[in-house]
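*Asks:* With the sequence up front, the predicted model follows.
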Amino acid sequence: MNSKAELSGRTIVLAVTGGVAAYKSAELARLLIKEGARVRVVMTEAAAHFIGAATFQAITGEPVWSDLWDARMPNGMAHIDLTRDAQLLLIAPATADCIAKLVQGRADDLLSTLCLARDATCALMVAPAMNRQMWEHPATARNMNTLRGDGAIVVGPAAGEQACGEVGLGRMVEPAELLDAVLAHFTPKTMAGRRVLITAGPTAEAIDPVRVVTNLSSGRMGYALACAAARAGAEVTLISGPTGLAKPFGVERVDVSSALSMHEAVLSRYAACDVFIAVAAVADYRPAAPSERKIKKSADKLSIDMVRNPDILADVAARADAPFCVGFAAESHDLDTYAQGKRAAKKLPLVVGNLVADGLGGEDNAVVLYDAEGRHPLVRAPKPVIARAILEHISRLLKD
Ligand code: C5P
């Protein structure tokens, strides 16, 4: 398992064309670099009307390229050399004009020439950004079809409010989502064709209309798994308890609150799935009779009667049509004994165990995988790295 940033060792040429969204490309460059990529920026002349080369130069630590006749490249052939050691040419934002030029195979500036001179080892990803009428124009629609047919990966555009004041399709996809698309592009598709159902986060059990019983689960581990599964090519549904986390790119999220609503959401979906990963910290008990009115602080003591919640994972795993079920065991002590016991009791092919002190609510985790072969400890790492390793393990077990 590697704990390095996901794009380490990759070179990405980030091409910026003349759209208002060009200012967001500076953030995109920063995110790509944070993930370990070497980023080389190419700007069109029009892009320079929206953002300065100095911004990109400072962020990437590399010279910015704009001119076909730039003599800084030792052989004077920037249009050939820039993509030769790159694995991805990402045009963000890509204007309608840039797309039309790509489709026609024009070569009258550095970017268009670079695109034409690109070889097969360097993929092309395009994030269109333009006014909604321009996007809807039949000429653009035709161009997009041709571009996709030529093998380009198209990300977006997104819908929403545009700089011109109109509302519709044509916004550049946000930098964080573009980063996701880039990471997905480089992730081996070990889960292609698999449908994965994941529960994540805490549950909230109502005491009265304003109070709940909940726990300290952040949801990060379940969200990291959903994200990693989607990047590995799976169709992912995430049943999420209350968390403040953003929906991972390419994942369908169903928001629930109580254990009972999570149970219902899982039961109506598990049969259509190949894998069920129960990461949620489901409350074991709920108030027996939540008050319809806010409870007043009149008495010195308050007792709340609690009843058992259904065990969602055990319920699914016990069914004849159960998918491949994965459980999590967060224990305060005796991890091996409890995790192995849980695997046997709930009849699970795989349990991911961690000590509460090691993972609950934090950014990192140290886990041990328990399967029919025994225990497999993973070194402490950020949850996204742990998620990738768990999925690699699942995909190996699914093949056996
Ligand atoms: O038995 P325990 O609660 O420790 O088991 C934890 C595992 O079972 C986790 O995978 C958790 O998501 C799942 N679980 C569940 N429904 C419950 C309690 C736990 O799905 N009511």
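*Replies:* Sure thing, it's come through. Numbering: from 1, shown residues only.
*Asks:* any low-confidence regions in this protein?
*Replies:* 1-4, 76, 358-361 (pLDDT under 70).
*Asks:* Show me what from this structure comes close to the ligand.
*Replies:* 199, 259, 278-280, 282, 284, 309, 311-313, 327-329, 342 (Cβ under 6 Å from any ligand atom). Every residue, glycine included, has its C-beta placed from N, CA and C.
*Asks:* Okay, and which of those map to helices?
*Replies:* Among those, DSSP state H puts Ala259, Ile312, Leu313, Lys342 in helices.
*Asks:* ok so, going back, pull out the buried residues from the residues of the chain next to the ligand.
*Replies:* Among the residues of the chain next to the ligand, those that count as buried by neighbour count (16 or more other Cβ atoms under 10 Å) are 199, 259, 278-280, 282, 309, 311-313, 327-329, 342.
*Asks:* can you tell me which two in the ones in helices among the residues of the chain next to the ligand are farthest apart?
*Replies:* Every pair in those was compared (Cβ to Cβ); the two farthest apart turn out to be Ala259 and Lys342, at 17.5 Å.
*Asks:* Now do the helices in the stretch 1-150 of the chain.
*Replies:* Applying DSSP state H, counting those that start in this stretch to the stretch 1-150 of the chain gives helices spanning 22-34, 53-60, 78-84, 96-104, 110-117, 132-136, 138-149.
*Asks:* Single out the residue in the stretch 101-250 of the chain that lies closest to the ligand.
*Replies:* Closest approach between the stretch 101-250 of the chain and the ligand, counting by Cβ to the nearest ligand atom: Thr199, at 5.7 Å.
*Asks:* For that residue, which non-adjacent residue is spatially closest?
*Replies:* Nearest residue to Thr199 in three dimensions, chain neighbours excluded: Ala280, at 3.7 Å (Cβ to Cβ, 6 or more residues apart in numbering).
*Asks:* Contact partners for the one you found?
*Replies:* If a contact means Cβ atoms under 8 Å, 6 or more residues apart in numbering, then Ala280 has Thr199, Ala200, Gly201, Pro202, Thr203, Ser217, Gly222, Ile239, Gly241, Met262, Ile312 as its contacts.
*Asks:* Output these as TSV; include the columns distance to Gln133.
*Replies:* Output for these, formatted as TSV (distance: Cβ to Cβ, whole Å):
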residue	distance to Gln133
Thr199	43
Ala200	40
Gly201	41
Pro202	46
Thr203	46
Ser217	46
Gly222	41
Ile239	39
Gly241	42
Met262	44
Ile312	48
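*Asks:* Please render these as CSV that adds secondary structure to the earlier fields.
*Replies:* Formatted as CSV, the contacts of Ala280 follow (DSSP: H, G, I helix; E, B strand; the rest coil):
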residue, secondary structure
Thr199, strand
Ala200, strand
Gly201, coil
Pro202, strand
Thr203, coil
Ser217, coil
Gly222, helix
Ile239, strand
Gly241, coil
Met262, helix
Ile312, helix
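*Asks:* ok, these vs Asp336, which is closest?
*Replies:* The shortest distance between Asp336 and any of those, using Cβ to Cβ, involves Ser217 and amounts to 22.2 Å.
*Asks:* Tally up the residues packed near that closest one, please.
*Replies:* The number of residues packed near Ser217 is 24, by other Cβ atoms under 10 Å.
*Asks:* Tell me which other helices or strands the top helix by length along the chain touches.
*Replies:* For the chain, the helix with the greatest residue count under DSSP H is helix 383-399. Contacts of helix 383-399 with other secondary structure elements, assessed using 3 or more Cβ pairs under 8 Å, 6 or more residues apart in numbering; DSSP states H and E, are made with helix 220-231, strand 275-278, strand 324-331, strand 350-355, strand 364-365, strand 368-371.
*Asks:* Before I go, just wanted to say thanks for your time.
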